[in-house]
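K.L.:
sequence unknown, structure follows:
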């Protein structure tokens, strides 16, 4: 079909459009689709030419949907989800224990939880190709390309999604021994005001969800550093850059961190979310069972709803990497 003839849009162009809308940049869309940025740009321009409408506003920090783009996106997303379901059903019929499964998970949990376990799963399930998307708190964490999403917000209000609680995270103040020896160790939250604090940008934006006393403390404590990477935040705290609120679960893999003698500041539920039809396929169901084992609070007390002090973690050890399914 010649460009600009007003005919039907190419399906590959639609998939490219959805990826660009969800990632916010042509470069990120290219990485998701395993292609090049010029190819993404060309496909978007082809689609805009066919539809006779500008779908994106281009800017230095990425792209955003125009009003016309928003209207197209709603319909394109429905088309892509239907396409994904067809692919899942077809592949599951032929090879229920093989194929691609994409898991979305915040970067910190991906690095320090799944990273401890993934080798065992890969060894025992060589025909399942895992894609692990460690996005930085996307607005829509259950995008159409995602089979399973581990997230810190539930899927309430989305009838097409199913959400299951996996674990509980307890956020407490941590520092390195070197930092505390140099600057002192506060024992009350009021005493911590004035210390060098390292915040994750998600914590700054979510202050309203913390307890009232904690929120007031955060308002008084201007951060010395704000990051959007849990790994960077952890390494900065480990090397004495300051104090930060991180999940107590991190002590299970980084035992040198010191929790301040201050009660946890907040708790958060970890959810496993997916489109209802996705988990009906064999390979997705197998990965879902594995994820449930990874966050099993019976074997990993740091994921329990009740707070257990990190000093007690030594009586448990991180179980050997599993791949049971």
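P.N.:
Looks like it came in fine. Quick caveat: nothing in here was measured; it's all calculated off a predicted structure.

K.L.:
if I pick the residue nearest to residue 179 when sequence neighbours are not counted, what's in contact with it?
P.N.:
Excluding its sequence neighbours, the residue lying closest to residue 179 (Cβ to Cβ, 6 or more residues apart in numbering) is residue 240, at 4.3 Å. Yep, even glycine has a C-beta here, placed from its N, CA and C like the rest. The contact partners of residue 240, by Cβ atoms under 8 Å, 6 or more residues apart in numbering, come to 175-176, 178-179, 182.

K.L.:
And for residue 45, the neighbour number?
P.N.:
As a burial measure, residue 45 scores 14 neighbours (other Cβ atoms under 10 Å).

K.L.:
Make 50 the starting number, not 1.
P.N.:
All right, first residue 50 from here; so that's residue 94.

K.L.:
quick one: which helix or strand includes it?
P.N.:
With secondary structure defined by DSSP states H and E, residue 94 is part of helix 86-100.

K.L.:
Buried residues, that helix. List them.
P.N.:
Within helix 86-100, the residues that qualify as buried are 89-90, 92-93, 95-97, 99-100, counting by 16 or more other Cβ atoms under 10 Å.

K.L.:
same thing with stretch 344-351?
P.N.:
Neighbour-count burial for stretch 344-351 flags 344, 349-351 (criterion: 16+ other Cβ under 10 Å).

K.L.:
One more: stretch 311-326?
P.N.:
Within stretch 311-326, the residues that qualify as buried are 311, 313-317, 319-324, counting by 16+ other Cβ under 10 Å.

K.L.:
and that stretch, average pLDDT?
P.N.:
The pLDDT scores in stretch 311-326 average 86.

K.L.:
ranges for the strands of the stretch 200-349 of the chain?
P.N.:
Secondary structure of the stretch 200-349 of the chain by DSSP state E, counting those that start in this stretch: the strands cover 210-224, 246-249, 274-276, 292-296, 307-308, 315-324.

K.L.:
Distance to residue 110 for these - can I get that in JSON lines?
P.N.:
Formatted as JSON lines, those follow (distance: least, Cβ to Cβ, whole Å):
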{"stretch": "strand 210-224", "distance to residue 110": "29"}
{"stretch": "strand 246-249", "distance to residue 110": "20"}
{"stretch": "strand 274-276", "distance to residue 110": "17"}
{"stretch": "strand 292-296", "distance to residue 110": "26"}
{"stretch": "strand 307-308", "distance to residue 110": "37"}
{"stretch": "strand 315-324", "distance to residue 110": "28"}
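
K.L.:
Out of the ones you listed, which gets nearest to residue 124?
P.N.:
The stretch from the strands of the stretch 200-349 of the chain with the least distance to residue 124 (Cβ to Cβ) is strand 315-324; that distance is 17.5 Å.

K.L.:
which helices and strands sit right next to that closest one?
P.N.:
If you count contacts as 3 or more Cβ pairs under 8 Å, 6 or more residues apart in numbering; DSSP states H and E, strand 315-324 packs onto strand 197-200, strand 210-224, helix 331-343.

K.L.:
Output the ones you listed in CSV; the columns should cover mean neighbour count, mean pLDDT and distance to residue 278.
P.N.:
Output for the helices and strands packed on strand 315-324, formatted as CSV (neighbours: other Cβ atoms under 10 Å; pLDDT from 0 to 100; distance: least, Cβ to Cβ, whole Å):
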stretch, mean neighbour count, mean pLDDT, distance to residue 278
strand 197-200, 24, 90, 17
strand 210-224, 20, 92, 16
helix 331-343, 20, 92, 21
